[in-house]
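> Build me a structure from this.
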Amino acid sequence: MTIRFSKGATAAVLAASLALAACSPSGNVAGGGGIIETALFSPTYNDDYVPQTYGSRYDCRAMTAQYGAANVWRGLVGGRKQVDFKTRPYSREGCFQSEAECQAFLTYVSSFLLQTFTRECRLGA
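Okay, the predicted model is just below:
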């Protein structure tokens with residue numbers, strides 16, 4: 001006995017499955033979006049990207065304005081990263097309320113670099 005499905009029935013089952021998956025809650029997306037929302041709107045990994053703090057709460061301009069330059073830890077990391085078939089220089093700067101946050105920033109950003117030339121945390125931005 002052979003069971004055969006028509007193309008229309010297969011398409012209907014697939015569409016219904018996708019619709020149910022899109023409606024089902026998922027813990028990965030704020031607001032409880034489904035698998036389709038997660039697939040469409042989640043960021044993808046970009047090998048050329050190195051995180052930066054400009055415009056974030058760790059931007060030195062904002063931190064020094066809020067807490068004063070003498071009360072802020074300034075982290076600076078610089079090095080080289082492989083991009084396409086060349087190495088390019090990169091540097092990132094961030095300001096933090098504690099030395100531990102600053103050291104964590106240096107470690108995190110250094111993980112994106114092929115070589116690190118400078119890493120420092122200094123109190124007083």
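> Got the domain ranges for this structure?
The record's domain parsing of the chain by automatic domain parsing lists 7-41, 60-123.
> looking at the ones you listed, which has the lowest confidence?
Here the domains of the chain differ in mean pLDDT, and the lowest is domain 7-41 at a mean of 53.
> which residue packs closest to W73, ignoring adjacent ones?
C102 (4.1 Å; Cβ to Cβ, 6 or more residues apart in numbering). Glycine gets a C-beta too; all of them are placed from N, C-alpha and C.
> tell me which element that neighbour is part of?
Using DSSP states H and E, C102 sits within helix 99-110.
> So which elements touch that helix?
Counting contacts by 3 or more Cβ pairs under 8 Å, 6 or more residues apart in numbering; DSSP states H and E, helix 99-110 packs against strand 73-83, strand 86-96, strand 115-123.
> for these, which one sits closest to T53?
Nearest of the helices and strands packed on helix 99-110 to T53, taken as Cβ to Cβ: strand 86-96 at 4.0 Å.
> what's in contact with the helix holding C102?
With contacts defined as Cβ atoms under 8 Å, 6 or more residues apart in numbering, helix 99-110 is touched by 50-51, 53, 58, 73-75, 77, 79, 92, 94, 96, 116, 119-121, 123.
> List only buried entries from the residues you listed.
50, 53, 58, 73-75, 77, 79, 92, 94, 96, 116, 119, 121 (16 or more other Cβ atoms under 10 Å).
> Quick check: the nearest residue to Y67 once chain neighbours are set aside vs Y58, distance?
Nearest-residue entry for Y67: Q97, 6.9 Å, with adjacent residues in sequence omitted and distances by Cβ to Cβ, 6+ apart. Remark: distance between Q97 and Y58 (Cβ to Cβ, to the nearest Å) = 10 Å.
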